[in-house]
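Enquirer: Could you look at this predicted model? Sequence included:
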Amino acid sequence: MTSTWRKSSFSEANLNCVEVRAVDGLIELRESDEGDVIVRTTPLKFAKFLQGAKAGEFDHLITTSA
């Protein structure tokens, strides 16, 4: 089963975002401007990543303001 690529409502309208979808029990991520490169992970690993992102664990990697 394939679902539609989705991006954050915080992303701009241009090709400057990360997109995500669920396919066959896995989570797929890609950059909108590099659609051929897809990273696949499990829902549990993605949930743990999101938990860390929400907690600010990756904020030091951000160099520009939103």
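Expert: Ah, there it is.
Enquirer: which of the residues in stretch 43-52 are buried?
Expert: Phe46 (16 or more other Cβ atoms under 10 Å). All C-beta atoms are positioned from the backbone trio N, CA, C, and that covers glycine.
Enquirer: Would you mind listing where the protein has pLDDT under the threshold?
Expert: 1-2, 13-14, 64-66 (pLDDT under 70).
Enquirer: for this protein, what spans make up the helices?
Expert: Secondary structure of the chain by DSSP state H: the helices cover 43-54.
Enquirer: Go through it and flag its longest strand.
Expert: What stands out as the longest strand in the chain, according to DSSP state E, is strand 34-41.
Enquirer: Would you mind getting the angle between it and helix 43-54?
Expert: Put simply, strand 34-41 runs at 110 degrees to helix 43-54, going by axes from the mean of the first three to the mean of the last three Cα atoms, to 10 degrees.
Enquirer: who does strand 34-41 pair up with?
Expert: Strand 34-41 sits in its sheet next to strand 26-31 (antiparallel), going by DSSP bridges.
Enquirer: Same question for the strand it pairs with: list its buried residues.
Expert: Within strand 26-31, the residues scored as buried using 16+ other Cβ under 10 Å are 27-30.
Enquirer: residues in contact with it?
Expert: 5, 17-22, 37-43, 45-46 (Cβ atoms under 8 Å, 6 or more residues apart in numbering).
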